[in-house]
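> Give me coordinates for this.
(one chain, ligands or ions: 1)
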Amino acid sequence: MYGLRITHYHFTMSIKKPIGIFDSGVGGLSVLREIRAQMPGENLIYFGDQGHVPYGPRPMEQIQGFSEGITRFLLKHNSKVIVVACNTASAAALKYLRETFPDVQFVGMEPAVKPAAEKTQTGKVGVLATPATFQGALYASVVERFANGVELFQNTCPGLVGQIEKGELDAPETRAILEDALLPMLEKNIDTVVLGCTHYPFVIPLIERIVGENVRVIDPAPAVAKQVKRLLEADGILNQNQGEGTIRFVTSGEADSVKSVLSLLLGIDGEIETVTWVDDRGIL
Ligand code: DGL
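Take a look at the predicted model:
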């Protein structure tokens, strides 16, 4: 009987553990938003690596080191699953993380080429992502598996992540970056745009003004949140607490700037905890 009580205790404690979510910056908040909407009772801990953003132009090995250090931090804070809410980190490090932490459950991002290929009528699809995402084996595999017969047009939107990190969601410079990427694709008659970077859902209103109502814009965040829920249900550790779970926000950058962008993007007035990197793999 006593043993049963202990097991029940550990089981209950596992349910209450937070979902760990990370990104190079505020982009992963587009995934956190969907996780919150689908699983409001879950406790969350979000890590934005503003000390190193952007990841897109960086070498894979460096992104792997950052992702390992952040994973260790989130595990130290009892995360029951790690959501790599970053296409760039998923492309560069998801396989590495699964090999390094074989007992940890990871959910990563992959550009939504599959739904885009299923939905397009013109057979022409635009994909917006960072250079490291396009260079990764993950993207090549997604294209090979799902893009059959569909013509893909890719663009890395240089500078767009930085604009979103500053909360410049509608500035002329932000619009110029998106027009440079999207107008040539429109000339090629695309009818679907895949957002292959978790930052980009925050500029969907601007994207829609540029592409017009006849072009579908695909944000993968809802599907990723659904995958997280499926995994937690399968493991029996979904927190169905009726009240709202807690959210911790952690940054390796400046708390004040993250606090103001968090308020702008999600309307949340959250306290921001700061951490310091001791090297490319370890957080103090
Ligand atoms: N938001 C991330 C992504 O989905 C990373 C962008 C960056 O830091 O370059 O790729």
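
> could you measure the residue nearest the centre of the chain against Gln242, distance?
Central residue of the chain (C-alpha atoms, centre = their mean): Ala85, 2.3 Å from the mean position. Distance, Ala85 to Gln242, by C-beta to C-beta, to the nearest Å: 25 Å. All C-beta atoms are positioned from the backbone trio N, CA, C, and that covers glycine.

> wait, does whichever strand or helix holds Tyr139 contact the ligand?
Assigned by DSSP states H and E, Tyr139 belongs to helix 137-146. No: in terms of C-beta under 6 Å from any ligand atom, no part of helix 137-146 sits within range of the ligand; the closest distance is 11.0 Å.

> Now the element after that helix, going C-ward?
strand 151-155.

> List of residues touching that following strand?
Residues outside strand 151-155 that contact it (C-beta atoms under 8 Å, 6 or more residues apart in numbering) are 113, 123-129, 134, 143, 180-182, 184-185, 188, 190.

> Inside strands: which ones of those?
124-128 (DSSP state E).

> how about the residue nearest to the centre of the chain, what does it touch?
21-23, 27-28, 30-32, 109, 198, 224.

> Are stretch 14-22 and the ligand in contact anywhere?
No: Stretch 14-22 is not in contact with the ligand by C-beta under 6 Å from any ligand atom; minimum separation 10.1 Å.

> what about the strands in the stretch 151-284 of the chain?
151-155, 192-195, 216-218, 247-251, 272-274 (DSSP state E, counting those that start in this stretch).

> most neighbours per residue, which of the ones you listed?
The highest average neighbour count among these, using mean count of other C-beta atoms under 10 Å, belongs to strand 192-195 at a mean of 26.

> So which elements touch that strand?
helix 113-119, strand 124-128, helix 204-211, strand 216-218 (3 or more C-beta pairs under 8 Å, 6 or more residues apart in numbering; DSSP states H and E).

> so which of those comes closest to the ligand?
strand 124-128 (10.1 Å; C-beta to the nearest ligand atom).

> helices or strands up against the closest one?
Using 3+ C-beta pairs under 8 Å, 6+ apart: strand 124-128 touches helix 113-119, strand 151-155, helix 172-187, strand 192-195.

> how about JSON lines for those, with mean pLDDT and distance to the ligand added?
Output for the helices and strands packed on strand 124-128, formatted as JSON lines (pLDDT from 0 to 100; distance: least, C-beta to the nearest ligand atom, whole Å):
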{"stretch": "helix 113-119", "mean pLDDT": "97", "distance to the ligand": "15"}
{"stretch": "strand 151-155", "mean pLDDT": "98", "distance to the ligand": "13"}
{"stretch": "helix 172-187", "mean pLDDT": "98", "distance to the ligand": "13"}
{"stretch": "strand 192-195", "mean pLDDT": "98", "distance to the ligand": "9"}
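
> Out of these, which is the most enclosed?
strand 192-195 (a mean of 26).

> Paired strands for that one, with orientation please.
strand 124-128 (parallel), strand 216-218 (parallel) (DSSP bridges).

> near the ligand at all, the shortest one?
So the one you mean is strand 216-218. No: Strand 216-218 lies apart from the ligand when judged by C-beta under 6 Å from any ligand atom; the minimum separation is 13.9 Å.

> what does that strand rub up against?
By C-beta under 8 Å, 6+ apart, strand 216-218 touches 112, 115-116, 119-120, 191-195, 204, 207-208, 211.

> Tell me the one of those nearest Gly253?
Leu195 (23.2 Å; C-beta to C-beta).

> thought the closest one was touching Val203?
No: Leu195 is beyond contact range of Val203, at 9.0 Å (criterion: C-beta atoms under 8 Å).

> what's the span of stretch 14-32 from first residue to last?
This stretch, stretch 14-32, spans 20 Å end to end (C-alpha to C-alpha, to the nearest Å).

> Cross-check the contact I'm expecting between Val193 and Val125.
Yes: using C-beta under 8 Å, Val193 is in contact with Val125, at 7.5 Å.

> For the stretch 101-250 of the chain, give me the ranges with low pLDDT.
In the predicted model, the stretch 101-250 of the chain carries no residue with pLDDT under 70.

> Those residues of it touching the ligand, which are they?
Counting by C-beta under 6 Å from any ligand atom, the stretch 101-250 of the chain sits next to the ligand at 130, 133, 161, 197-199.

> and those, which of them are in helices?
133, 161 (DSSP state H).

> Give me the buried subset of the residues of the stretch 101-250 of the chain next to the ligand.
By neighbour count, with 16 or more other C-beta atoms under 10 Å, these hold 130, 133, 161, 197-199 as buried.

> All good on my end, thank you.
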